[in-house]
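Asks: just need the structure, nothing else, for what follows:
(one chain, ligands or ions: 2)
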Amino acid sequence: MAVQISPSILSADFARLADEAARVPNADWLHVDVMDNHFVPNLTIGLPVVEALLKVTSTPIDCHLMIEDPDRWAPAYAEVGAGSVTIHAEAAKAPVRTLRQIRAAGARSGFALNPATAVEQYEDLLPEIDMLLLMTVEPGFGGQKFLDVVLPKIRRARELIARYGGEVWLQVDGGVAADTIERCAEAGADVFVAGSAVYGAADPSAAIDHLRELATT
Ligand code: DX5
Ligand code: ZN
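Replies: Ligands and ions are numbered 1, 2, ... in the order given. This next block holds a predicted model:
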């Protein structure tokens, strides 16, 4: 399992996104948190900003859609060129169709679960999913405290993926930092979103190297 780090631009300077993307050349992905003030109590950015980012960075974009109607909007993010598009289980009304549309448009399909959403009920969907995202905070804001209560679910999700036998990345998002990433990796996560731990650091690129090292060893 290769460790991947996906810094969240939620903690970057929104007025200088091109520069902020350039500060993390060693990132595997750029994580873009799309929030609609309905699915989560916060409003961030949408499709035009993703399109603008794609023009200024060669780092693939990892779109995390925290929006009420992902079935309607997710395929467009894949069509404009996002490398990965993640929809929430709690919001999607036709997840199989939408995950297939994301893949058909050329992106990796992502499926996210909030901390209180059980993973077992989605076991049969694993063949439709390229990346399973387990939220380790309640979605909506950067800088929140990591929820240890999710660790057993990470472990169970890794077991389900192993039983399925296909390649499904297991991403964690929320409160992932130097003091929590090892627990996530040990439980079976292999893709790590980090917002404040990367963009809140004096040297974001060095912070990524450090997180990668902690997750690998
Ligand atoms: C939270 C977002 C996260 C957020 C993580 O709802 O999905 O991606 O940016 O920020 P940190 O790493 O600061 O918890
Ligand atoms: Zn996110």
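Asks: so which bits of stretch 123-133 are buried?
Replies: Under the neighbour-count criterion of 16 or more other C-beta atoms under 10 Å, stretch 123-133 has 125, 126, 128, 129, 130, 131, 132, 133 buried. Bear in mind the C-beta positions are built from the backbone N, C-alpha and C, glycine included.
Asks: among the residues you listed, name the ones in helices.
Replies: Applying DSSP state H to the buried residues of stretch 123-133, no entry is found in helices.
Asks: closest to ligand 1 out of those residues?
Replies: Distance to ligand 1, by C-beta to the nearest ligand atom, is smallest for residue 133 among the buried residues of stretch 123-133, at 8.7 Å.
Asks: using JSON lines, lay out the buried residues of stretch 123-133 together with pLDDT and distance to residue 186.
Replies: Output for these, formatted as JSON lines (pLDDT from 0 to 100; distance: C-beta to C-beta, whole Å):
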{"residue": "125", "pLDDT": "98", "distance to residue 186": "25"}
{"residue": "126", "pLDDT": "98", "distance to residue 186": "22"}
{"residue": "128", "pLDDT": "99", "distance to residue 186": "27"}
{"residue": "129", "pLDDT": "99", "distance to residue 186": "22"}
{"residue": "130", "pLDDT": "98", "distance to residue 186": "23"}
{"residue": "131", "pLDDT": "99", "distance to residue 186": "19"}
{"residue": "132", "pLDDT": "99", "distance to residue 186": "17"}
{"residue": "133", "pLDDT": "99", "distance to residue 186": "18"}
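Asks: dump those residues to TSV, plus distance to residue 196.
Replies: Shown next, in TSV, are the buried residues of stretch 123-133 (distance: C-beta to C-beta, whole Å):
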residue	distance to residue 196
125	31
126	31
128	32
129	27
130	26
131	22
132	23
133	18
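Asks: dihedrals phi and psi, the closest residue to ligand 2 within the chain?
Replies: Of all residues in the chain, residue 64 sits closest to ligand 2, at 3.7 Å by C-beta to the ion. Reported as degrees, to the nearest 10, the phi and psi values for residue 64 are phi -110, psi 100.
Asks: what's the pLDDT at it?
Replies: Listed pLDDT for residue 64 reads 99.
Asks: quick check: it vs ligand 1, distance?
Replies: 5 Å (C-beta to the nearest ligand atom, to the nearest Å).
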